[in-house]
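J.: sequence? don't have it. structure:
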């Protein structure tokens, strides 16, 4: 039986052997939720990159560019990291290059995996169904915040573990801890997270609707999958 494990920060990836595994990269607030939303609204490809300059260069290839640092849209880019800015038709039929404080780093540092998929509460069931079909060992890579643990990504890992409970074994205690946290939070995720560091950070920036949106389950069937140098929606 395949296993599921949880890496709480990309800075801990050196402790894991990614070869032959499926990575689920997750940055609930907000990068991976935004990527899922972008594909659901017609984006054709997403290029996740780590640096602002690299992202900006994609504009020469006809890509829209999106950038966020410390929760704020970076100056000189077409889009930021709010999922709502991807819903007005601007991304339909377009490729998007994106760089964020945490999420894009988690993706790019996972490239040694057999497969990388993008996870969020918005496409939780689609991710779980795909992993059941793959039957590879799974590592959930939480983007965290600047290398440190965060609560919202851990809750997603627990939600995914609950969805895979009958089909996967738990490799380490990180998965069990994530599951227990999710079950405690499940009746009201927002209330559970309202004192968490990133929720407070976003609320201080007057970003409220994004938080509630990103905690919704199974709005979309789309699954972003890493293919060579970009994400495509399947």
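T.: Thanks, I have it. Bear in mind that the values here come from a model prediction, so they are computed numbers and not experimental data.
J.: quick one, strands of the protein?
T.: Applying DSSP state E to the chain gives strands spanning 3-7, 22-26, 45-48, 64-69, 72-73, 95-99, 115-119, 138-142, 169-170, 224-227, 230-233.
J.: Run through the neighbouring helices and strands of the second one.
T.: Meaning strand 22-26. helix 103-108, strand 115-119, helix 124-134, strand 138-142, helix 151-163 (3 or more Cβ pairs under 8 Å, 6 or more residues apart in numbering; DSSP states H and E). C-beta here means a position set from N, CA and C on the backbone, and glycine is covered the same way.
J.: I'd like to know which of these is closest to residue 12.
T.: With Cβ to Cβ as the criterion, residue 12 lies closest to strand 138-142 of the helices and strands packed on strand 22-26, at 9.0 Å.
J.: Quick check: mean pLDDT of the closest one?
T.: For strand 138-142, mean pLDDT is 98.
J.: Likewise for stretch 8-23?
T.: 97.
J.: How many neighbouring residues does residue 53 have?
T.: Using other Cβ atoms under 10 Å, residue 53 is surrounded by 8 other residues.
J.: measure it to residue 82 for me?
T.: 22 Å (Cβ to Cβ, to the nearest Å).
J.: Make TSV from the strands of the chain and add distance to residue 218 to it.
T.: Formatted as TSV, the strands of the chain follow (distance: least, Cβ to Cβ, whole Å):
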stretch	distance to residue 218
strand 3-7	19
strand 22-26	15
strand 45-48	21
strand 64-69	24
strand 72-73	28
strand 95-99	23
strand 115-119	12
strand 138-142	17
strand 169-170	23
strand 224-227	15
strand 230-233	16
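J.: which one of these lies closest to residue 203?
T.: Per Cβ to Cβ, nearest to residue 203 of these: strand 72-73, 13.7 Å.
J.: How far does the closest one sit from its chain's centre?
T.: Taking Cα atoms, centre = their mean, to the nearest Å, one finds strand 72-73 lying 18 Å from the centre of the chain it belongs to.
J.: Quickly run through the sheet partners of that strand, with directions.
T.: Strand 72-73 sits in its sheet next to strand 64-69 (antiparallel), going by DSSP bridges.
J.: For the partner strand, give me every contacting residue.
T.: Identification of contacts with strand 64-69 by Cβ atoms under 8 Å, 6 or more residues apart in numbering yields 30-31, 52, 55-56, 58-59, 73-74, 77-81, 90-91, 94-101.
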